[in-house]
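**Q** After the sequence you'll find the predicted model.
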Amino acid sequence: DISHGTILYLEDISVTFDGFRAINHLNLYIDAGELRCIIGPNGAGKTTMMDIITGKTRPDTGTAWFGQSIDLLRLSEPEIASLGIGRKFQKPTVFEHHSVMENLELAMAADKRVWPTLLARLTPEQHERIDGVLETIGLQEHRARRAGALSHGQKQWLEIGMLLMQDPHLLLVDEPVAGMTHQEMDRTAELLKSLAGRHTVVVVEHDMDFVRSIANKVTVLHQGSVLAEGTMDEVQNDPRVIEVYLGG
Ligand code: ADP
């Protein structure tokens, strides 16, 4: 019963590291425009799953499809990125010595050789795109600030903005609110919710209040497989999930 709008299919994926099954017959289906949260204890396989989607890790068995016809397992990491699959790691990596706006300009060009010309003259359309992303991430007033002078939260939003400059179909976001203040977390929730619909967003996150505030659908990973899937209320009341989180 795969919905017509499925954009990402992982089927029967397994990965073994030195004899250890990090991913064990994993099935995951993500609909286009969805905002999905992936939770699960440490070592559950969340990072490895993201690595498989981006081509960083190759599974031993299984299939991974993007859209109806693209076999991700046949593509290299850069090829997968060029399909419009963007990943944001937990730690923000912005160009600290460049302004907020310059960071967005640089993110527009995947080819680093064009950077000097890009910074010299932007087309009106490029200006418009940057303005649009600045508005989305709420950093209009900070466009001229050096990125290194931003708060932790602002750096995270800038990095999301840098991914948006590539207009990705699928955004993979790793623990976006780690180290954020409550206010920054609320702002991040609004931002991620605003991206869903136009983009598909998959978030790995440990903060359960945050997960509850953003996701309609939560996937619980455990020992490399999907343990439960549903609304936050459904999965939190699932005896298997309670066992895994509280049973040690
Ligand atoms: P999570 O992100 O949910 O904490 P991971 O995907 O990082 O889980 O890890 C799943 C399991 O696979 C862990 O037990 C981890 O130690 C192991 N693992 C992950 N990457 C490697 C690797 N490159 N080599 C060996 N073991 C690994």
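**A** The structure has been received and is ready for your questions. Not measured: the values here are computed from a predicted model.

**Q** Next, give phi and psi for the residue nearest the centre of the chain.
**A** For the chain, the residue nearest the mean C-alpha position is residue 172 (1.7 Å; C-alpha atoms, centre = their mean). Dihedral pair for residue 172: phi -110, psi 120, per degrees, to the nearest 10.

**Q** any idea how far it is from the ligand?
**A** Distance, residue 172 to the ligand, using C-beta to the nearest ligand atom, to the nearest Å: 12 Å. Backbone N, C-alpha and C define where each C-beta goes, glycine included.

**Q** ditto for residue 230
**A** 19 Å.

**Q** And for that residue, the neighbour number?
**A** 16 (other C-beta atoms under 10 Å).

**Q** coming back round to it: tell me the contacts of the residue nearest to the centre of the chain?
**A** Residue 172 makes contacts with 50, 53, 54, 85, 86, 87, 88, 202, 204, as judged by C-beta atoms under 8 Å, 6 or more residues apart in numbering.

**Q** Near the ligand, list only the ones from these.
**A** Taking C-beta under 6 Å from any ligand atom as the test, the ligand is in contact with none of the contacts of residue 172.

**Q** By neighbour count, which of those residues wins?
**A** residue 85 (26 neighbours).

**Q** Does it touch residue 169 like I think?
**A** Yes: using C-beta atoms under 8 Å, residue 85 is in contact with residue 169, at 6.9 Å.

**Q** could you pull out the strands for this protein?
**A** 6-17, 20-31, 35-39, 61-66, 70-71, 85-88, 170-174, 200-204, 217-222, 225-230 (DSSP state E).

**Q** quick one: contacts of the fifth one?
**A** Okay, so that is strand 70-71. Under C-beta under 8 Å, 6+ apart, the answer for strand 70-71 is 63, 64, 65, 83.

**Q** residue boundaries of the helices in this protein?
**A** 46-53, 77-82, 100-108, 115-120, 124-137, 152-164, 182-195, 208-214, 232-236, 239-246 (DSSP state H).

**Q** Helix or strand, whichever it is, which one in this structure has the lowest mean pLDDT?
**A** Ranking every helix and strand in the chain by mean pLDDT, DSSP states H and E puts helix 115-120 at the bottom, with a mean of 65.

**Q** The residue nearest to residue 83 when sequence neighbours are not counted and the ligand: what is the separation?
**A** Of all residues not flanking residue 83 in the chain, residue 66 sits nearest, at 6.1 Å (C-beta to C-beta, 6 or more residues apart in numbering). Per C-beta to the nearest ligand atom, residue 66 is found 20 Å from the ligand.

**Q** What of residue 74?
**A** Noted for residue 74: a distance of 22 Å to the ligand, by C-beta to the nearest ligand atom.

**Q** Please apply the same query to residue 208.
**A** In this view, residue 208 and the ligand are 15 Å apart by C-beta to the nearest ligand atom.

**Q** For that residue, give me its contacts.
**A** So residue 208 contacts 39, 232, 236 (C-beta under 8 Å, 6+ apart).

**Q** So which of the residues you listed wins on neighbours?
**A** residue 39 (26 neighbours).

**Q** Let me see the contact set for that one.
**A** Residue 39 touches 46, 204, 205, 206, 208, 211, 218, 219, 220, 221, 235, counting by C-beta under 8 Å, 6+ apart.

**Q** could I get those as JSON lines with pLDDT and distance to residue 185?
**A** Converted to JSON lines, the contacts of residue 39 look like this (pLDDT from 0 to 100; distance: C-beta to C-beta, whole Å):
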{"residue": "46", "pLDDT": "97", "distance to residue 185": "19"}
{"residue": "204", "pLDDT": "97", "distance to residue 185": "15"}
{"residue": "205", "pLDDT": "94", "distance to residue 185": "10"}
{"residue": "206", "pLDDT": "90", "distance to residue 185": "12"}
{"residue": "208", "pLDDT": "92", "distance to residue 185": "12"}
{"residue": "211", "pLDDT": "96", "distance to residue 185": "11"}
{"residue": "218", "pLDDT": "97", "distance to residue 185": "17"}
{"residue": "219", "pLDDT": "98", "distance to residue 185": "21"}
{"residue": "220", "pLDDT": "97", "distance to residue 185": "21"}
{"residue": "221", "pLDDT": "97", "distance to residue 185": "22"}
{"residue": "235", "pLDDT": "95", "distance to residue 185": "20"}
